[in-house]
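Peer 1: Here's my sequence, what's the structure:
(2 chains)
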Amino acid sequence: MLWVDKHRPKNLDNLICHKEVGANLKSLVASGDCPHLLFYGPSGCGKKTLVLAMLREMFGPGVEKLKAETKEWKIERPEISTKIEVELTTLSSNYHVELNPSDAGTKDRYVVQELIKDMAKSRPLDMAGQKSFRVLLLNEVDQLSKEAQHSLRRTMEKYASACRLVMVCNSVSKVIEAVRSRCVTVRVPAPAEAEICDVLQYVSKKECITLPPEFAARIASSTDRNLRCALLSLEACKVQQYPFKSDQPIQLTDWEVYITEIASDIIAEQSPKRLYQVRGKFYELLINCIPPELILKKLLFELMKKIDSELKHEVCHWAAYYENRLQKGSKAIIHLEAFVAKFMSIYKQFIISLFG
Amino acid sequence: MAPEGSAYGQPWNEKYRPKVITDVSHQDAVVSTLQEAMKTNNVPHLLFYGPPGTGKTTTALAMVQELYGPTLVKSRVMELNASDERGINVVRHKIKQFAATAVGQGAPGYPSPPYKVIILDESDSMTTDAQNALRRTMELYTKVTRFVLICNYVSRIIEPIASRCAKFRFKPLGEESISDRITSICQKEGVVMEEGAMEALGSACGGDMRKAISHLQSAVRLFGNTVRVQSILEAAGVVPSERVVELLEACRGGSYEKAQDVVVRLTKNGYPALQIIQQLQELVMCAEDVSDDKKARICMRLAEVDKALIDGSDEMLQLLDCASLAICAFTGTTQVGKYDA
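Peer 2: A predicted model of the protein is given here:
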């Protein structure tokens, strides 16, 4: 088992970071009444951990008896006399069901409309005065299409007595206002570097290894306040070399190294030939399932380190511009390449104007 | 919080949804016109439009309740909203079928006029095709069926449909109406509002009653029965104003690196970008030492960024773009096209 999963806090009392959020959630559960909840925050900040700990607080250890099911749902649509088949994996316990509605791709609307309605309608078996509702845990609601989110609106109100939704997302801007206004929203900030150090120390104590504080601080600062990355990186470093030396190199993920390389390539030469090479590298990244927006963002920050501050405003604008197009369009590579071409043109012009 | 029977565990929005139309606050013009129409027993097709949380659905539901009473409502009223499938086929079959059926006996004690009501909630998300299919249906069965269309944007309802309905605009609620309603809810729930909390709630919800009530409920659920200003702000997801001021100051400072730092920190703390730009806009508009020209430039970009965010763009990049433009505006340089051929 990875350390990230092994040392995930199981209940709201022994959280190391987000103590305040934990205390609030605890009083929320204690009041006996749970509204719909929407957790948002950057990735690796502990949203899911908080949610699972809260469910445990609510229903007791029974929620950990999970069973994974891949079920094929047949949705009958008599009015157009077709059947739609959606295959979806759910994780469920007696008290809650967890699913990733966006896995259903373009059929996500039907998933929302039918499955949630179905689940919401079936009341849980009342076992000795247990809670009278089940919890439906929806991951990545920001990936849901707008239509699907619209269909959530009324469903949420209609079946509120039997079913509570707990939703998790990264970017709350992508969740429509109507859904947001129906939930209690919980902001989960990324833990501060000091907090990450605390967690790293805690985990290494549990694993009986010694972790020099300077090294912990370096891991924390190199992982961009992402707790999951920090823990994974700690484990990777442990495998690489133990006992730790405080100047030991920290394993960066391959893709990050690769993007740094791309950035230096671009700075070194601006020509159609280089653009073509860069394109090959982008393909490599995309094939390995690195999300294009992440590539663009990382590339921008790498480039920003290397260029004159006079250029930064313009480059930053075009990054935002092409990322927007990337979201609207369908083929990521075109927009990534367009950004690089634009950058090369700007950079070259700048160099020429400088040196003539 | 004493749970009262079936209402236990209900969101306050539902619990305190007005049951009769006279209870709907702040929409006096709409309510009085509707009451007149209901007296004559002849309600026209209705089109309710206005921003979210102003009482459109509430008014429609309260109206049918008053017309038919609790038992007859089931057979006389059909409610369809975006969570139900409503493509063109539904209009052709389901709605048409329901519209065509004759009406039975009225319920004693209620006006129960001799027609049915079809409520199409969130009808601006209906396709144009579906709306077109509705046109003839509406006319054909006027005798036995009335439609109530509810939408946020009247411009998304096609003209032929709109012209067949009596239109009612629901206006955003004023702070007094909101604070009246909130006070009465507070009394019933035993919640104490600390000083200033009501004002904070009033400004955070922007005339949306549902938002106001759900913010109040979130604050109570999360932070207990005494509501402080801070809890309202946290529940409403408002970014602390010093953070936004910090961003603006960084932009004024003219250093891109500094602004980037602030933006990265803001997004890492999980503050929603939409909220940040909204607060930034207020701040920029109110700043007296910023010339109109600069204000205009910044606000234009804020609008573009808002659109981009709705499209699903990355929050950090969009905020950076915005901050960078603000720096250029403050220093009087151009952001784009300096070196671009």
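Peer 1: Show residues contacting stretch A:199-218.
Peer 2: Residues from elsewhere that reach stretch A:199-218 (C-beta atoms under 8 Å, 6 or more residues apart in numbering or on different chains): A:3, A:7, A:16-17, A:191, A:193, A:197, A:219-220, A:227, A:230-231, A:234, A:237-238, A:242-246, A:248, A:250. C-betas here are computed from N, CA, C, even on glycine.
Peer 1: Quick check: buried residues in that stretch?
Peer 2: Residues of stretch A:199-218 classed as buried: A:199, A:200, A:203, A:204, A:211, A:215, A:216, A:217, A:218 (neighbour count, 16 or more other C-beta atoms under 10 Å in any protein chain shown).
Peer 1: domains in the chain, as residue ranges please.
Peer 2: I went with chain A, as the question did not name one. A:3-187, A:193-240, A:254-355 (automatic domain parsing).
Peer 1: You answered for a different chain; I wanted chain B.
Peer 2: B:27-169, B:175-236, B:241-331.
Peer 1: For my notes, please list those in CSV and give distance to chain A, mean neighbour count and mean pLDDT for each entry.
Peer 2: Listed next are the domains of chain B as CSV, based on distance: least, C-beta to the nearest C-beta, whole Å; neighbours: other C-beta atoms under 10 Å in any protein chain shown; pLDDT from 0 to 100:
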stretch, distance to chain A, mean neighbour count, mean pLDDT
domain B:27-169, 4, 18, 87
domain B:175-236, 4, 19, 86
domain B:241-331, 3, 19, 90
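Peer 1: wait, which of the ones you listed is closest to residue A:355?
Peer 2: Nearest to residue A:355 among the domains of chain B is domain B:241-331 (22.9 Å), distances taken as C-beta to C-beta.
Peer 1: Have a look at chain B and report its longest helix.
Peer 2: If you go by DSSP state H, chain B has its longest helix at helix B:56-76.
Peer 1: which strands and helices sit next to that helix?
Peer 2: Using 3 or more C-beta pairs under 8 Å, 6 or more residues apart in numbering or on different chains; DSSP states H and E as the contact criterion, the secondary-structure elements in contact with helix B:56-76 are helix B:28-39, strand B:46-49, strand B:77-80, strand B:116-120, strand B:145-151.
Peer 1: could I get the ones you listed as JSON lines with distance to residue A:69?
Peer 2: Below are these laid out as JSON lines (distance: least, C-beta to C-beta, whole Å):
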{"stretch": "helix B:28-39", "distance to residue A:69": "49"}
{"stretch": "strand B:46-49", "distance to residue A:69": "43"}
{"stretch": "strand B:77-80", "distance to residue A:69": "32"}
{"stretch": "strand B:116-120", "distance to residue A:69": "36"}
{"stretch": "strand B:145-151", "distance to residue A:69": "38"}
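Peer 1: Figure out which of the ones you listed is closest to residue B:167.
Peer 2: When the helices and strands packed on helix B:56-76 are compared for distance to residue B:167 using C-beta to C-beta, the nearest one is strand B:46-49, at 4.8 Å.
Peer 1: just how off-centre is the helix or strand that contains residue B:90 within its chain?
Peer 2: If you go by DSSP states H and E, residue B:90 is part of helix B:88-90. Distance of helix B:88-90 from its chain centroid, counting by C-alpha atoms, centre = their mean, to the nearest Å, is 27 Å.
Peer 1: ok, then the element right after it?
Peer 2: Proceeding C-terminally, helix B:88-90 gives way to helix B:96-100 as the next helix or strand, assigned by DSSP H and E.
Peer 1: helices and strands around that next one, which ones?
Peer 2: The helices and strands touching helix B:96-100, judged by 3+ C-beta pairs under 8 Å, 6+ apart, are strand B:116-120, helix B:128-140.
Peer 1: All set, thanks.
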